[in-house]
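1. what's the 3D shape of this:
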Amino acid sequence: MAGQAELSVGHDELATLKRLAMAGALETRATVTCAVLAGELGVSNQTASRRLQRLEDAGLVEREIVSDGQRVAVTESGERALQREYADYRRIFEGEVGVALSGVVTSGMGEGRHYISLPGYMEQFEERLGYAPFAGTLNVELDDDSVRSRARMDTLDPVPIDGWEDDDRTYGPAFCWPASLETPAGDRFDEVHVVAPERTHHGADQLELIAPVKLREELGLEDEDHVSVHVGERGGHGGAR
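-> Have a look, this model is predicted:
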């Protein structure tokens with residue numbers, strides 16, 4: 001999730017992480033030796049060993065020493081670090097980044113209506129998103145490929161919604177990403193945001209969308225209907241393809 005604290009590493013370690021991913025450590029545990037890695041990176045064996053240790057200390061790789069070297073796997077944090085590098089290059093060469101997701105419409109538990117209507121959130125939505133959302137979220141259950149792609153949203157700059165409190169309790173912060181919603185028939189609505197509360201019981205396969213209109217009525221959606229969600233970042237729009 002955006003905003004999670006992770007230990008940072010330098011450019012040399014990121015280059016090593018990239019080399020490990022290219023060797024297959026992103027999908028499974030890749031067997032590497034410091035000698036081979038050092039040769040690929042153009043550094044000494046000792047330097048390659050130190051970089052691996054720093055990556056492990058930062059939680060970006062997991063290692064297991066075996067008789068013919070070490071088996072190395074890039075962790076979820078490591079994959080996010082690579083995704084951020086990838087997103088930076090896309091910003092440089094393509095000018096805009098985004099994530100394309102897909103899934104089916106599902107019925108939520110009705111909590112979205114309650115939270116969105118709270119004045120502490122509604123005032124921020126109006127100020128920062130530029131509209132007052134319809135009091136309710138459209139819930140999308142992501143397909144398997146999109147569950148993994150969703151992790152790339154961490155590389156996109158969200159619109160922050162601050163936490164706040166009233167006389168009875170505190171309410172946590174949330175993040176919003178500009179998006180567009182499209183049906184298989186080509187019907188599309190662009191003024192959409194993915195909202196991800198910091199405190200939520202939803203899993204990674206659940207996506208909540210808000211918009212100034214009731215999206216079910218606007219696009220004629222029913223439960224189990226397939227939709228595509230194109231997520232962008234703050235300052236851009238949901239135009240990922």
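2. how about the helices in the chain?
-> Listed in chain order, the helices of the chain (DSSP state H) span residues 11-20, 34-41, 45-57, 76-94, 111-117, 119-129, 144-149, 215-219.
3. Just want the angle from the longest one to helix 11-20.
-> Here the directions of helix 76-94 and helix 11-20 differ by 100 degrees (axes from the mean of the first three to the mean of the last three CA atoms, to 10 degrees).
4. To Asp187, which of the helices of the chain lies closest?
-> helix 215-219 (5.2 Å; CB to CB). Using the backbone N, CA and C atoms, a C-beta is placed for each residue, glycine as well.
5. Gly120: what's it in contact with?
-> Contacts for Gly120 (CB atoms under 8 Å, 6 or more residues apart in numbering) come out as 164-166, 171.
6. mind putting the helices of the chain in CSV, mean pLDDT included?
-> Formatted as CSV, those follow (pLDDT from 0 to 100):
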stretch, mean pLDDT
helix 11-20, 95
helix 34-41, 93
helix 45-57, 95
helix 76-94, 85
helix 111-117, 83
helix 119-129, 94
helix 144-149, 88
helix 215-219, 96
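7. Any idea which of those helices gets closest to Gln206?
-> helix 144-149 (9.5 Å).
8. Which other helices and strands does the closest one contact?
-> Counting contacts by 3 or more CB pairs under 8 Å, 6 or more residues apart in numbering; DSSP states H and E, helix 144-149 packs against strand 99-106.
9. Pull out the buried residues from the strand it packs on.
-> By neighbour count on 16 or more other CB atoms under 10 Å, the buried set for strand 99-106 is 99-105.
10. Specify which member of those is nearest to Glu79.
-> Nearest to Glu79 among the buried residues of strand 99-106, with distances taken as CB to CB, is Val99, at 13.8 Å.
11. rewinding a little: out of the buried residues of strand 99-106, flag the one nearest to Leu37.
-> Using CB to CB, the buried residues of strand 99-106 come closest to Leu37 at Val99, 30.9 Å.
12. check contacts around that closest one.
-> Per CB under 8 Å, 6+ apart, neighbours of Val99: 149-150, 152-153, 156, 230-231, 240.
13. who wins for neighbours among these?
-> Using other CB atoms under 10 Å as the neighbour criterion, Val231 leads the contacts of Val99 with 28 neighbours.
14. Show the pLDDT at it.
-> Looking at Val231, its pLDDT is 94.
15. go on, Arg199?
-> Taking Arg199 on its own, its pLDDT is 61.
16. Give the closest residue to the spatially most central residue of the chain in space, chain neighbours not counted.
-> Per CA atoms, centre = their mean, the C-alpha nearest to the average position across the chain is that of Met153, at 2.4 Å. Here the nearest residue to Met153 in space, its sequence neighbours aside, is Val99; by CB to CB, 6 or more residues apart in numbering that works out to 5.5 Å.
17. again with Gly163
-> Gly163 sits nearest to Pro173 (CB to CB, 6+ apart), 4.2 Å away.
18. how far away is the spatially closest residue to Arg152 that is not a sequence neighbour from Leu20?
-> Counting by CB to CB, 6+ apart, Arg152 lies nearest to Val99, which is 4.7 Å off, once chain neighbours are set aside. As for Val99, its distance to Leu20 is 24 Å (criterion: CB to CB, to the nearest Å).
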